[in-house]
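K.L.:
Prediction below, plus the sequence it came from.
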Amino acid sequence: MKTVKVTIDGKEIQTSLDRTILQVARENNIYIPTMCYLTKVEPIGACRLCVVEVEGLDGMVLSCQEKVVDGAVIQTNSKALQEERQNIMKLYALNHPLECGVCVKSGECDLQNKTSEFEVNEQSFSLRDIKRKVENWGVISYDSSLCILCEKCVKVCNEIVGKGQLKVEPGGYKAIIVNTKLEDSCIDCGECMAVCPVGALAVNDFKYTTNPWELKKVPSTCTFCSSGCELSYEVKQIGIENSKEKIYRVTNNYEYSSLCGAGRFGFDYENLVTKKDEDEFLNAIEAFKKAEVIKFSSLITNEEALLLKKIAKRVDAKLVCSDAFGFSKFLRAFKKARGKSLWSSTQKKLSQSDAIVVFGSRIKDDAPVVKNHIAMATKRKKAKVVYMHPIEDFAISNLVTKFIKYEPGSEEAMALMLLQVFANKEEMTQDLQDFVDDIDIGFLSGESSISEEEIDELKEEFWKKKRFTLVVGADVFNHPEVENIAKILAAIERYTDFELLVIPPNGNSLGVSLICDLVEKHEGFSVGYNAPADYVLSALGDGDLGMPALNQQEGTFVTLDKRVVPLNAGLEYKGFILNDIANSLGVGSTHTIDFTKELPVDKGFRSIEFDSLEVKFSVDGDDLRGYELETILCDSQIELSEPDELPSYDGTVIYIVNPASNPNPFTNRAKLTSSEAKLIGTKQFASAAKISDGDVVEFEVCGNYISRVFKIDDTLKGTFALNPTFDMGLKAFDLPIYRFSKVKIKKRG
Amino acid sequence: MSLEQFKRRDALPGYIFYEAEKKPQNGWESFKRVLKRTFKGELFVGLWIVFREMIKRGNSHTLSYPQEKLAIGPRYRAIHKLLRLLESGNERCIGCGLCEKICIAKCIRMDTRIDENSRKEVSQYTINFGRCIFCGFCAEVCPELAIVHSGEYENASEQRAHYALKEDMLTPLDEFKANKQKEFKGFGALSDNADSFVKKTPLAY
């Protein structure tokens, strides 16, 4: 990009041509006030507070929208500008209820700050007020009398969340924000509430419980999926009579990052242990001493994973992690074939791509924030999104250009077809070229029930597109042929324009897979850390010995952006932790976080102290938290094999997926996110299983007998039902099976 | 004022100088001064005044404290009170939390919640009088004149920590109904000419 020279407030600045005046000013620590500007979305231009004067131009220009030109001389402050801004603030304050004393936003309100900054001491405008009412939007409420119509919420809902269901209902002074599809499709992510500069959008449950300035902010990381979004727990004493602390709410750096509903509202899942249970602790140590298997879930920090590895070595036990094992196999095979330990795309790159294929994931539920980045790509880069999955997801049909509905189990065939269509064959080795040429497309399309033409159309769909991203989800990791799929995907990344973004199946599956050497199964006495076993340590509070939940721990997580990000303890934990057990076994340290610098360097970790990990973003919103995992290079060997005949998935097939708002047993403990688990299926599923809406049904998944209320969802197609696992407790982490499974449905009673 | 001037601290021209008695220069002069001061008889003038006041009837200047109490001036800052609204009798406190925020001794705490009518309600309010320094900031910052100082200055207690709950400080309803709630005139109260400072919002319609 061409560099230009501009002068802002007498300061000469070199910058590139594609930047706006506001961006340049902010980069250079020059203050321009704004009300509606939000870094993560395109400029809104509703508040006009960011006006500046440019020499040689009559009037004022909006610095948030105007790009810099060479030689421009810009003034950000003058008497006229001050007056203009003061008048804008007066208009904002016009008939704004003088109820700061009881407003939920008081103390962190942009309107409060700016009216005081621009010295709005008197009102010179007047307008007859109208009657307005407070609307309830589910978790949050909307008070239009407090609304200043900055449109941040509308922009965020449309551009970041991709729902576009908030709209401005025009009407001058009567204009309000309306939630157009409230009943059926608001996903309660709370993004609109987070960006609201005033108290118009507020969480009902948080309202009036505390003033914002009393809360202590603890910066941490969301642990519920591998996006690992930045968040802060806001903590205060429970009340005058109870001086213990509790988390009142979760906020995030909304200017740069976003959160899903689970991350924002599912925060009170802490394990309330009041004292150290010495007797049980001794039992736990005994259990570890005789353990032959240590089972755990990948919702643990890197440090704990390392501790478990050390303990396993000390007591000579094998490590079993059901939810990360398939992924670790994937990772190993991928590394060998790709010659690189990790995939090359990130969420930021995803949001800048213009051709996206989502493969093997119900993305809206598996990784809502990845879906947000896809939405950004569609809104900003006009990206074409192809959603390849056996079950179409019509909730995101406004983002998806094309659904490709393949047969369950045929992921391998689909991956091969993608490779065949998009590969630049000239770059391939001769063997691979021959292999790709010899692929029996007829067989593959028979297996996947996707015709050759459909895949060929993809190429036309992506015609003239430049940045390709293939998003790979959790369906492939527990696929029986995961290793071959990993190799094919590695070949796709290497020999096509696609960059890969892999979504690890659980919060820290990536970290666990890198640190621990996992085995699939092992017989013998087992100790479980947040996993069902003979002796259970549980953060859900239902095990033999309690363990701290992830909002009570310090440690690090590895996100799908390949960053190692810090977690801080929002709440105190009074009981024993894993490090105490490790200490008794002679492998621990003073603090768990002493192990942050001991994480394996040969896997890409760096030897950095926990306390020097920072939480920060760049001016443009690039994630600079913690540090980036190094990608380890090795020799690449791609040897592919044709897929075998597949088992067919006929009859009643269930798909294991948790809703975005309640992704795991921990969020099911939280007040705002807990819900009733229902089996949601299609009409065909109901008739195939001979059940109807509202029936209580029983079935078996991986040895667990589950009984649920069945509900018909008309938007689904095929003979499928979606089966959540968030109500299964620790068993939810012990389902080492492919996500689609044939089940026998029995009606109860 | 320059630093030099400041340091010199000269008496300004407006001061009146009092010519004091000359200092004795030698031993003889000192001796003379002692004699003069000792035998002047002024001692007896003082003694007479004391004696006269002592025998006068009904001339006590002290109070018999527990039975008699001194009226406290309106600006005196004693134990806090929470007032009720004049007509409805509802609590004046809206729970804005400013008193809690401004309290430099950090002795005020309040719990708020949303009530049945979706309004902010103060569910509990405490002041730790063991820590309170009676600075009066809370009364001054209160936008509703809800927390005020009363004339209740007898706050001796057996313990150092002396908490007051909302019930202790809020005007009791029967007292309120009997019209006994007194409007506060001290710190933070409106001045008599407060009305003249109010700027009116324009009403063009």
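P.N.:
Yep, it's here. All of these numbers come straight from a predicted model, not from anything done at the bench. Numbers count the residues shown, from 1 in each chain, chains lettered A, B, ... in the order given.
K.L.:
For A:N723, which residues are in contact?
P.N.:
Going by CB atoms under 8 Å, 6 or more residues apart in numbering or on different chains, A:N723 touches A:I654, A:Y655, A:I656, A:V657, A:L679, A:V701, A:I706, A:R708. No exception for glycine: its C-beta is placed from N, CA and C like everyone else's.
K.L.:
which residues touch the nearest residue to it once chain neighbours are set aside?
P.N.:
Nearest non-adjacent residue to A:N723, counting by CB to CB, 6 or more residues apart in numbering or on different chains: A:I654, 4.4 Å away. Shown in contact with A:I654 (CB under 8 Å, 6+ apart): A:L679, A:G681, A:F699, A:V701, A:F720, A:A721, A:L722, A:N723, A:F740, A:S741, A:V743.
K.L.:
Three-state assignment for the closest residue to chain B within the stretch 1-150 of chain A, please.
P.N.:
Using CB to the nearest CB, A:G101 is the residue of the stretch 1-150 of chain A that sits closest to chain B, at 3.4 Å. Assigned by DSSP: H, G, I helix; E, B strand; the rest coil, the conformation of A:G101 is helix.
K.L.:
Next one: it from B:C138, what distance?
P.N.:
14 Å (CB to CB, to the nearest Å).
K.L.:
Over to B:L43?
P.N.:
For B:L43, the distance to B:C138 equals 52 Å [CB to CB].
K.L.:
More neighbours: the two, which one.
P.N.:
Neighbours were counted for B:L43 and for B:C138 using other CB atoms under 10 Å in any protein chain shown; B:C138 has more, 28 against 11.
K.L.:
The nearest residue to that one once chain neighbours are set aside: how many residues sit nearby?
P.N.:
Once flanking residues are discounted, B:C138 sits nearest to B:C99: 3.7 Å by CB to CB, 6+ apart. Counted by other CB under 10 Å, the residues lying close to B:C99 total 23.
K.L.:
buried ones in the helix or strand where B:C99 lies?
P.N.:
B:C99 is part of helix B:98-102, with elements assigned from DSSP states H and E. Across helix B:98-102, burial judged by 16 or more other CB atoms under 10 Å in any protein chain shown covers B:L98, B:C99, B:E100, B:K101.
K.L.:
CA-only coordinates of that helix, as PDB, when you get a sec.
P.N.:
Only the C-alpha atoms of helix B:98-102 are listed here, as PDB (Å, rounded to 0.1, in the frame of the first residue of the first chain):
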ATOM      1  CA  LEU B  98     -22.400   7.600  45.800                       C
ATOM      2  CA  CYS B  99     -22.000   7.600  49.600                       C
ATOM      3  CA  GLU B 100     -20.400   4.200  49.500                       C
ATOM      4  CA  LYS B 101     -18.000   5.400  46.800                       C
ATOM      5  CA  ILE B 102     -17.100   8.700  48.400                       C
END
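K.L.:
what's stretch B:152-171 in contact with?
P.N.:
Defining contact as CB under 8 Å, 6+ apart, one finds that stretch B:152-171 is touched by B:72, B:76, B:78-84, B:91, B:122, B:124-131, B:147, B:180-181.
K.L.:
sorry, that was for stretch A:61-72
P.N.:
Counting by CB under 8 Å, 6+ apart, A:4-7, A:15, A:17-22, A:24-25, A:32, A:34, A:37, A:43-45, A:48, A:50-55, A:74, A:76 sit against stretch A:61-72.
K.L.:
what does the biggest helix by length in chain B rub up against?
P.N.:
With secondary structure taken from DSSP state H, chain B has its longest helix at helix B:42-55. Contact with helix B:42-55 is made by B:N59, as judged by CB under 8 Å, 6+ apart.
K.L.:
Averaged pLDDT, that helix. What do you get?
P.N.:
The predicted model gives helix B:42-55 an average pLDDT of 90.
K.L.:
Where does the prediction get shaky in the chain?
P.N.:
You didn't pick a chain, so chain A it is. Filtered on pLDDT under 70, chain A yields the residue ranges A:182-185, A:749.
K.L.:
ah, I was thinking of chain B
P.N.:
Ranges of chain B meeting pLDDT under 70: B:1, B:5-14, B:204-205.
K.L.:
tell me which parts of it are close to chain A?
P.N.:
Applying CB under 8 Å from any CB of the partner chain, we find that chain B lies next to chain A at B:94-98, B:100-101, B:109-114, B:118-121, B:123-124, B:126, B:143-144, B:199, B:201-205.
K.L.:
Go through those residues and flag which are in strands.
P.N.:
Within these, residues falling in strands by DSSP state E are B:R109, B:M110, B:D111, B:T112, B:R113, B:I114, B:K120, B:E121, B:S123, B:Q124, B:T126.
K.L.:
For PyMOL, write the select line for the buried members of the residues you listed.
P.N.:
Buried members of these, defined by 16+ other CB under 10 Å, are picked up in PyMOL with:
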select buried, chain B and resi 109+110+111+112+114+120+121+126
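K.L.:
Make CSV out of the ones in strands among the residues of chain B next to chain A and add distance to A:V357.
P.N.:
Compiled in CSV, those are given as follows (distance: CB to CB, whole Å):
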residue, distance to A:V357
B:R109, 56
B:M110, 55
B:D111, 53
B:T112, 51
B:R113, 49
B:I114, 47
B:K120, 50
B:E121, 54
B:S123, 54
B:Q124, 57
B:T126, 60
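K.L.:
Show me the two of the ones in strands among the residues of chain B next to chain A that sit farthest apart.
P.N.:
Largest separation among those by CB to CB: B:I114 and B:T126, giving 20.3 Å.
K.L.:
now A:V653: how far from A:S361?
P.N.:
According to CB to CB, A:V653 stands 17 Å off from A:S361.
K.L.:
more crowded one of these two?
P.N.:
With neighbours defined as other CB under 10 Å, A:V653 and A:S361 compare such that A:S361 has more, 26 against 21.
K.L.:
Tell me how many other residues crowd the closest residue to that one other than its chain neighbours.
P.N.:
Spatially, and ignoring its direct neighbours in sequence, A:S361 is nearest to A:G473 (1.9 Å; CB to CB, 6+ apart). As a burial measure, A:G473 scores 24 neighbours (other CB under 10 Å).
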